[in-house]
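Participant: what shape does this take:
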Amino acid sequence: MRVLDSTILVDILTSGNLPDNFVSHMMHLLDETPVQIVILAAEQAARQTGIPLRQIWTNLWRFSSDLGAHRRHVWNPLSVLATKGK
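Facilitator: Alright, predicted model coming up:
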């Protein structure tokens, strides 16, 4: 299993491409990591790359739906961005 470092995470969040060898990492992120930590990671990725936060949330939503994450309702970009005022 490979290590999911911050550079790889930013690439996954911004590109929407999830390599097979990081699926388990993403499932843990979506289902186990505190939501606030994921929010901070998404915001940081948006700042670093200039990719709109809405696109990153759309990617998270798609990952959660495609992978059948238990907390997929949490990653709906409309509900998350509405609560963040973005």
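
Participant: C-alpha only now, for contacts and for neighbours.
Facilitator: Will do.

Participant: tell me the pLDDT at the most centrally placed residue in the chain?
Facilitator: With the centre of the chain defined as its mean C-alpha position, the nearest residue by CA atoms, centre = their mean is residue 60, 3.9 Å away. Among the per-residue scores, residue 60 shows a pLDDT of 94.

Participant: hmm, residue 75 and it touching each other?
Facilitator: Yes: under the criterion of CA atoms under 8 Å, residue 60 makes contact with residue 75 at 6.2 Å.

Participant: the residue nearest to the centre of the chain: which element?
Facilitator: When secondary structure is defined using DSSP states H and E, the element that contains residue 60 is helix 53-67.

Participant: contacts for that helix?
Facilitator: Applying CA atoms under 8 Å, 6 or more residues apart in numbering, the set of residues contacting helix 53-67 from outside is 13-16, 18, 26-27, 30, 42-43, 46, 71-72, 75-77, 81.

Participant: buried ones among these?
Facilitator: Neighbour counting over those (16 or more other CA atoms under 10 Å) leaves 13-14, 16, 18, 26-27, 30, 42-43, 46, 72, 75-77 as the buried ones.

Participant: mind putting those residues in CSV, secondary structure included?
Facilitator: Below are the buried ones among the contacts of helix 53-67 laid out as CSV (DSSP: H, G, I helix; E, B strand; the rest coil):
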residue, secondary structure
13, helix
14, helix
16, coil
18, coil
26, helix
27, helix
30, helix
42, helix
43, helix
46, helix
72, helix
75, helix
76, coil
77, helix
